[in-house]
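Q: I'll drop the sequence and a predicted model, then ask my questions.
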Amino acid sequence: MLAQIMQYLGYVDMTDMPTIISVIVLSSLLSLDNSLVVAAIADKLPRHQEQKAIIFGLSAGILFRLLALFVVGFIIKYPIIKIVGGLYLVYIAYKHFVVDNEEATHHAREALGAAIIAITLADIAFSVDNVVATVAMSPKLMVVLIGTVMGGIAMIFTTKLVLKLLKRYHLLEACAYAIVAFIGAVILLEELPAFVGWDVAIHVPDMLKFAVVIGATVGTVVYEEMQHRKIHNARHKK
C-alpha cells in the first residue's frame, strides 16, 4: 500500500532539489498579493491576536492547497471554481472600500474567528492559480507537495513582514485591497467568457500581474516614505 502511494507521489532525490527550490520561489512570488491582503485583515485585530490569525488562517489555506494538488485537473476543467474565487476577491475589496470603515473595524476587533475565516477564504481564492502553476513545474507530485508546504511556511513569515510595513505605511492597506480587486477582476476576465460560451480567449500575462502587484506596492511605500520625510523635515526646520 505504502509502495503504491509513493509510486503515485513520486520518489524524491537530490536531483529534484532545484525544482523544489523553484516551486518554493514561484509559490512565494505568486503569494505576494495574498500576503498583502492577509496582513491587511490581520491588521484590524488587536495586536496580541494578529499572529494567531495569520498562523491559523494561512495553515488552513496551506491544507487546502495540498488537497487541491490532488484535484488540480478538476480545477482546470471546471472554471466555475476560479470564477467563485474571483468573485470572492472582488467582494473583499468591495466590502473594504464601500462598507463604513468604523463599523467594519468595530466588528473585526470583536471577532478573531471571523478574521481567521476571512484569511482562510482569501488564501483559498488566491491559491487556485498558484496550485495550477506549481503543478506545471514537475511531474512528481511529491516534489510539488514539498515545495508547496515550504512556500506556504515562507508566506507566513512574509505576511508578518508585510504586517510590520502596514503599521508604518498606512496607505498599503488600501493598496492591498485595490490589488485584490485587480486580481479578482483578472480571474473573472479570463474565465467568464469561456464559462458563458463566448468565443473569446483572454489571457493576462503573469508578468503583467506581477508587475502591477510589485509596482503598486513599491510605489505606495515610496510615496508614503517621501511624505514622512517631508513632515520630518518640516518639523526639523521649526
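A: Received it, and whenever you're ready, just let me know what you need.
Q: now residue 61: how far from residue 228?
A: Per Cβ to Cβ, to the nearest Å, residue 61 is found 33 Å from residue 228. Any C-beta I mention is one placed from the backbone N, CA and C, and that applies to glycine too.
Q: also residue 178?
A: Residue 178 is 21 Å from residue 228, where distance means Cβ to Cβ.
Q: what helix or strand is residue 91 located in?
A: Element membership of residue 91, judged by DSSP states H and E, is helix 80-98.
Q: residues making contact with that helix?
A: With Cβ atoms under 8 Å, 6 or more residues apart in numbering as the test, helix 80-98 has contacts from 37, 40, 74-75, 104, 118, 121-122, 124-126, 128-129, 174, 177-178, 180-181, 183-188, 190-192, 195.
Q: any idea how far the one residue sitting closest to the centre of the chain lies from residue 188?
A: Centroid-nearest residue in the chain, with Cα atoms, centre = their mean: residue 34, separated by 1.8 Å. Computed as Cβ to Cβ, the residue 34 to residue 188 distance reads 18 Å.
Q: am I right that the residue nearest to the centre of the chain is in contact with residue 156?
A: No. Counting by Cβ atoms under 8 Å, residue 34 stays clear of residue 156, with 11.1 Å between them.
Q: give me the number of residues near residue 52?
A: Neighbour count of residue 52, defined by other Cβ atoms under 10 Å: 14.
Q: can you pull the contacts of the closest residue in space to it that isn't next to it in sequence?
A: Nearest residue to residue 52 in three dimensions, chain neighbours excluded: residue 112, at 6.8 Å (Cβ to Cβ, 6 or more residues apart in numbering). Going by Cβ under 8 Å, 6+ apart, residue 112 touches 45, 49, 52-53.
Q: which two in the residues you listed are spaced the farthest apart?
A: Farthest apart among these by Cβ to Cβ are 45 and 52. That separation is 8.5 Å.
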